[in-house]
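> predicted model and sequence follow; I will ask about them next.
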Amino acid sequence: MSDATEREAPEADADAWEQACAEDLAAEQARRRAQYGPPPGSAAEELRKLVDAVSEKLSGLQAPLLGAVAQGAVEQTLKQVVREAKAVVEPVIERNPDVFDHLAAAGSELLAAYRSAVEGQESRWTRGEDRKDDGPSAGEHIDLD
């Protein structure tokens, strides 16, 4: 190529690749939201939702065997318990939202480790390794060490 043709070539937009990737990502996120619904929130948001759902369920409980007076007393007690639980949980969530994300991640890791240990033990049992006499009994302890 000569210098003349190099100068005539249009300059590529420096942000074109970044913009195209951002557009593709936005389109993929919209497609997933349409297919699967909105993604779950943080662990703190999910805990708030859980507390709200439990409080709604508790407030909707009715004891058919109790009389009207006892029913009212039970409802008041449940409402008080729910208010107290929310009063305890909300400040903790507000002060430490990242803690719940870390706890959720740690719980996932612990579950994966446990699943791996159990699957490993099961595969040894099915291959015939690690058997004592007749094999493992129904109540035998799984050694996770």
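Looks like it came in fine.
> the helices in the protein, which residues?
Per DSSP state H, the chain carries helices over the ranges 3-8, 16-36, 43-60, 68-95, 97-127.
> in the third one, which residues are buried?
Within helix 43-60, the residues that count as buried by 16 or more other Cβ atoms under 10 Å are 43-44, 47-48, 51, 55. Yep, even glycine has a C-beta here, placed from its N, CA and C like the rest.
> tell me the one of the residues you listed nearest Ile93?
For the buried residues of helix 43-60, the minimum distance to Ile93 (Cβ to Cβ) is 4.8 Å, reached by Ala44.
> my understanding was that the closest one contacts Arg95; is that so?
No. With contact defined as Cβ atoms under 8 Å, Ala44 does not count as touching Arg95 (10.1 Å).
> export the buried residues of helix 43-60 as CSV, with columns for distance to Ala85 and pLDDT.
Listed next are those as CSV, based on distance: Cβ to Cβ, whole Å; pLDDT from 0 to 100:
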residue, distance to Ala85, pLDDT
Ala43, 18, 81
Ala44, 16, 82
Leu47, 11, 82
Arg48, 12, 83
Val51, 7, 81
Ser55, 7, 77
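> tell me the one of those nearest Arg124?
Ala43 (34.8 Å).
> any figure for the gap between that closest one and Arg31?
In this view, Ala43 and Arg31 are 26 Å apart by Cβ to Cβ, to the nearest Å.
> do Val54 as well
As judged by Cβ to Cβ, Val54 and Arg31 stand 33 Å apart.
> same question for Arg127.
43 Å.
> ditto for Ala73
Distance from Ala73 to Arg31, by Cβ to Cβ: 52 Å.
> again, but for Ala117
37 Å.
> one more: Asp98?
Using Cβ to Cβ, Asp98 is found at 30 Å from Arg31.
> try Trp17
From Trp17 to Arg31 the distance is 21 Å (Cβ to Cβ).
> same check, this time on Glu18
Taking Cβ to Cβ, one finds Glu18 at 20 Å from Arg31.
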